[in-house]
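K.L.:
sequence first, then the predicted structure:
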Amino acid sequence: MYLIRRIFNTKPGEARRVAGLLQQQAQAYRDAGQRSEFRVSYNGATLPGEQNVVVLDWTDDAIMSPSREGHVLPQAALDLGGQIRPLIENQRIEFLELLAPAKD
């Protein structure tokens, strides 16, 4: 099982708006059966630490390319992506393997 985490650095003052749009986009993927339960978190400037950051994470059994043959991206998710892109300065993705209990 994998934890997939996307981290967005937003333009100043846009973290909350990006978090709301990402929430909608992740829900569109979930509604299409392409994503598990997810979380969206952000720091717009009211907390210590890195500011203007939004984090989206979810788990999956496998890491698969979104451009794999036969895969269709939900149009709603694509439309929301067009709204998100102008509000971010950069982004990255992390793939982490979740520790599974040892089988005896």
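P.N.:
Structure's in. What do you need?

K.L.:
ends of stretch 70-78, what's the gap?
P.N.:
As for stretch 70-78, its first-to-last residue distance stands at 17 Å under the measure Cα to Cα, to the nearest Å.

K.L.:
tell me which residues in it are buried?
P.N.:
In terms of neighbour count (16 or more other Cβ atoms under 10 Å), stretch 70-78 has its buried residues at 74, 77. Where C-beta positions appear, they are placed from N, C-alpha and C, glycine not excepted.

K.L.:
low-confidence ranges in the chain?
P.N.:
Within the chain, the ranges that satisfy pLDDT under 70 run 103-104.

K.L.:
scan it for its longest helix.
P.N.:
helix 15-31 (DSSP state H).

K.L.:
and the contacts of that one?
P.N.:
The contact list for helix 15-31, computed with Cβ atoms under 8 Å, 6 or more residues apart in numbering, reads 8, 10, 35-38, 40-45, 51-54, 56, 58, 74, 76-77, 80-81, 83-84, 87-88.

K.L.:
in that helix, what's buried?
P.N.:
Neighbour-count burial for helix 15-31, counted by 16+ other Cβ under 10 Å, picks out 15-19, 21-23, 25-30.

K.L.:
just the CA trace of that helix, in PDB.
P.N.:
Extracted in PDB, the C-alpha atoms of helix 15-31 (Å, rounded to 0.1, in the frame of the first residue of the first chain):
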ATOM      1  CA  ALA A  15      -3.600  28.600  -0.300                       C
ATOM      2  CA  ARG A  16      -7.200  28.400   1.000                       C
ATOM      3  CA  ARG A  17      -8.700  28.900  -2.500                       C
ATOM      4  CA  VAL A  18      -6.300  26.200  -4.000                       C
ATOM      5  CA  ALA A  19      -7.200  23.900  -1.100                       C
ATOM      6  CA  GLY A  20     -10.900  24.300  -1.900                       C
ATOM      7  CA  LEU A  21     -10.400  23.600  -5.600                       C
ATOM      8  CA  LEU A  22      -8.200  20.600  -4.900                       C
ATOM      9  CA  GLN A  23     -10.900  19.200  -2.600                       C
ATOM     10  CA  GLN A  24     -13.400  19.400  -5.500                       C
ATOM     11  CA  GLN A  25     -10.900  17.900  -7.900                       C
ATOM     12  CA  ALA A  26     -10.000  15.000  -5.600                       C
ATOM     13  CA  GLN A  27     -13.700  14.400  -5.100                       C
ATOM     14  CA  ALA A  28     -14.300  14.300  -8.800                       C
ATOM     15  CA  TYR A  29     -11.600  11.600  -9.000                       C
ATOM     16  CA  ARG A  30     -13.100   9.700  -6.100                       C
ATOM     17  CA  ASP A  31     -16.600   9.900  -7.700                       C
END
